[in-house]
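# Would you be able to build a 3D model of this:
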Amino acid sequence: MEQPSGMNYFSRLGVDYEIKDNPSPDADVIALIPFEIYNRQRHATQDLEFTDPTTNYVIILYSEEKCRLNKQQ
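Here you go, the predicted model:
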């Protein structure tokens with residue numbers, strides 16, 4: 001499932017973000033999350049944790065630094 005930007009955010013699970021207490025979230029539900037908006041809030045060195053009001057998933061948006069490290073693995 002792809003988001004409007006063409007990015008498949010489900011494939012970014014564990015690299016750019018995680019869903020707290022849900023290691024296997026539904027891809028169709030992930031597609032409802034407005035990551036284009038959340039990505040603009042990404043911090044350089046600190047992870048952000050918040051609840052998405054559409055899905056009620058608690059999202060941990062990884063910092064830019066953590067994303068870079070995850071991509072290298």
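
# And the pLDDT for the spatially most central residue of the chain?
With distances taken as Cα atoms, centre = their mean, the residue of the chain nearest its centroid is residue 17 (3.6 Å). The predicted structure scores residue 17 at 96 on the pLDDT scale.

# What of residue 6?
pLDDT at residue 6 comes out at 61.

# what does stretch 9-26 rub up against?
Applying Cβ atoms under 8 Å, 6 or more residues apart in numbering, the contact partners of stretch 9-26 are 1, 3, 27, 30-31, 33, 35, 38-39, 49, 57-62, 67, 70-71. In short, each C-beta sits where N, CA and C put it, glycine included.

# Can you get me the start-to-end distance on that stretch?
12 Å (Cα to Cα, to the nearest Å).

# roughly how far is that stretch from the heart of the chain?
6 Å (Cα atoms, centre = their mean, to the nearest Å).

# just to revisit the earlier point, beta partners of the residue nearest to the residue nearest to the centre of the chain when sequence neighbours are not counted?
Leaving out its chain neighbours, the residue that sits closest to residue 17 by Cβ to Cβ, 6 or more residues apart in numbering is residue 61, at 5.0 Å. Legend: beta-bridge partners of residue 61 under DSSP bridges are residue 17, residue 48.

# Give me the pLDDT for residue 61.
Confidence score, pLDDT, at residue 61: 98.

# Hmm, residue 46 and it touching each other?
No - the criterion here is Cβ atoms under 8 Å, and residue 61 misses it with residue 46 at 9.8 Å.

# In terms of neighbours, single out the busier of those two.
For residue 61 versus residue 46, neighbours defined as other Cβ atoms under 10 Å are more numerous around residue 61 (20 against 13).
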